[in-house]
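Undergrad: 3D, please:
(chains A and B)
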Amino acid sequence: GESVGLHLPTLSVQEGDNSIINCAYSNSASDYFIWYKQESGKGPQFIIDIRSNMDKRQGQRVTVLLNKTVKHLSLQIAATQPGDSAVYFCAGSAGNTPLVFGKGTRLSVIA
Amino acid sequence: KAGVTQTPRYLIKTRGQQVTLSCSPISGHRSVSWYQQTPGQGLQFLFEYFSETQRNKGNFPGRFSGRQFSNSRSEMNVSTLELGDSALYLCASSPPGQAPHGYTFGSGTRLTVV
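TA: Next comes the predicted model:
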C-alpha cells in the first residue's frame, strides 16, 4: 500500500537561508502530491501541490520537485523566514484515494 | 469566506465513555474527510463522506463511526474510548469533484482520554 515518509524529523536553518525538506513515497501509482504546513494549534495549511506529469512547480518562495524515478519529492523554501517555522507534511494520493501523509518535518528558523 | 469549523476545540473524556465531534465544511463543499493525528502515527485517514454517503474508510476499529448530514456538516463518534484515542482529530472539506486535491483543514478537536 501507499506509504509516505520523510527523511529528517527536524531541520534547523538560519534566517535568510534556503530550506529543503525531503519526502519519499512507495506507491508508484501515486499521481498527486501536496505539501502542507502546520503551525502549533492549527490544522494543516496548503502550501503547494504537484501532479505526476510534472517535475517541478513553483509558488511564492516555494518550489516542489518531483522525481518519479526514485519516488522522491522535495519542498524548497527560499529565503526562510521566522514565520516559516512549523511542521511540514508531504502527502500523496493515487487517483481519488484519500491522501496518505508522511510523519512530518519540524522546521526551526534561527534568527 | 468562513473556513472549516470544528467543535469543540478541546475535550476531556474518561476511558469507556463515548464522544461526538462536529465539523462544518466550507460553504459549497460537499466532501468531508476526517483524520486522526498523533505524535507517533502522524495523520491517519479515518473516513470520507460525500453527499451523506461514506465514500472511503480507513483502517480503524468499528468504535469509530461518522455521518454526514444533508447540509454537508459531518460528525464523527468514538465509542468506548481508550487512552490511545487521545489525539487531534482533523476534518477537511473540499469542493465537488476535487477531493482529495482541494482539502482545506479545520483547526481540529483535541481529545484527551483519561
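
Undergrad: List the contacts of the residue in chain B positioned nearest to chain A.
TA: Nearest residue of chain B to chain A (Cβ to the nearest Cβ) works out as residue B:105 at 3.5 Å. C-beta: built from backbone N, CA, C; applies to glycine. Applying Cβ atoms under 8 Å, 6 or more residues apart in numbering or on different chains to residue B:105 gives the contacts A:36, A:43-45, B:4, B:90-92.

Undergrad: ok, residue B:83 - how many residues close by?
TA: Residue B:83 has 9 neighbours, counted by other Cβ atoms under 10 Å in any protein chain shown.

Undergrad: what is the nearest residue to it once chain neighbours are set aside paired to in the beta sheet?
TA: Computed as Cβ to Cβ, 6 or more residues apart in numbering or on different chains, the closest residue to residue B:83 that is not its neighbour in sequence is residue B:113, at 5.3 Å. Per DSSP bridges, the residues bridged to residue B:113 are residue B:13.

Undergrad: and residue B:113, how many neighbours does it have?
TA: As a burial measure, residue B:113 scores 19 neighbours (other Cβ under 10 Å).

Undergrad: and it, what does it touch?
TA: B:12-15, B:81-86.

Undergrad: low-confidence ranges in the chain?
TA: With no chain named, the answer covers chain A. A:1-8 (pLDDT under 70).

Undergrad: should've been chain B
TA: The model of chain B has pLDDT under 70 over residues B:1, B:99.

Undergrad: State the phi and psi torsions of the most centrally placed residue in it.
TA: Most central in chain B under Cα atoms, centre = their mean is residue B:34, positioned 3.3 Å from the mean C-alpha point. Phi and psi for residue B:34, reported as degrees, to the nearest 10, are phi -120, psi 140.

Undergrad: Can you give me the neighbour number for the closest residue to it other than its chain neighbours?
TA: Nearest in space to residue B:34, with sequence neighbours left out and distances taken as Cβ to Cβ, 6+ apart, is residue B:46 at 4.1 Å. Close neighbours of residue B:46, defined as other Cβ under 10 Å, add up to 23.
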